[in-house]
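# predicted model, plus sequence, below.
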Amino acid sequence: QVQLVESGGGLVQAGGSLRLSCAASGSIFSVNVMGWYRQAPGKQRELVAKVTSGGYTNYVYSVKGRFTISRDNAKNTVYLQMNSLKPEDTAVYYCNAGIRAIARPLNEVAYWGQGTQVTVSS
């Protein structure tokens, strides 16, 4: 059984920082792209940032220069360092990863974390 476990959300004032972590565990053969999405109340879930196994990154324009995504392939863990946070960053943040399980190494499945709340006060 493969699962993603997130940590690091919380309440912070505008201009502050938070670091999110997401660890993939279970019978994992390989992990492809890992990323972070967010969903604010009344809005659709959007991609925030993603990183390939080779380290290539991509960000939504609104977080460029403020957020940094990174990963530790040995630990199957992805991080999101969020600096200069704004009230509009308030949302539930979800980790996502494309994972091939040992039992089915030819099939990549998209897994999601349970979500972690990030609240930025003005």
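Yep, that arrived.

# neighbours around the spatially closest residue to Arg45 that is not a sequence neighbour, how many?
Spatial nearest neighbour of Arg45, excluding adjacent residues (CB to CB, 6 or more residues apart in numbering): Gln39 at 4.2 Å. For the C-beta atoms, the positions are set from N, CA and C on the backbone; glycine is no exception. Residues near Gln39, counting by other CB atoms under 10 Å, number 14.

# what of Asp89?
Asp89: 22 neighbours (other CB under 10 Å).

# ok, now Ala110?
Count around Ala110 with other CB under 10 Å applied: 11.

# shift numbering so it begins at 633
In the new numbering, first residue 633, that becomes Ala742.

# how close does it get to Ser702?
Going from Ala742 to Ser702 by CB to CB, to the nearest Å gives 20 Å.

# any idea of the mean pLDDT in stretch 653-662?
The average pLDDT within stretch 653-662 is 97.

# stretch 728-738 too?
95.

# so who does the residue nearest to Arg677 touch?
Arg677, Glu678, Ala723, Val724, Tyr726, Gly747 (CB atoms under 8 Å, 6 or more residues apart in numbering).

# of those, which is the nearest to Leu712?
Tyr726 (10.9 Å; CB to CB).

# got phi/psi on the closest one?
phi -120, psi 140 (degrees, to the nearest 10).

# one step back: would you mind giving the contacts of Gln671 as JSON lines with distance to Gly640, secondary structure and neighbour count added?
Shown next, in JSON lines, are the contacts of Gln671 (distance: CB to CB, whole Å; DSSP: H, G, I helix; E, B strand; the rest coil; neighbours: other CB atoms under 10 Å):
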{"residue": "Arg677", "distance to Gly640": "19", "secondary structure": "coil", "neighbour count": "15"}
{"residue": "Glu678", "distance to Gly640": "19", "secondary structure": "strand", "neighbour count": "12"}
{"residue": "Ala723", "distance to Gly640": "14", "secondary structure": "strand", "neighbour count": "22"}
{"residue": "Val724", "distance to Gly640": "13", "secondary structure": "strand", "neighbour count": "17"}
{"residue": "Tyr726", "distance to Gly640": "13", "secondary structure": "strand", "neighbour count": "21"}
{"residue": "Gly747", "distance to Gly640": "12", "secondary structure": "coil", "neighbour count": "17"}
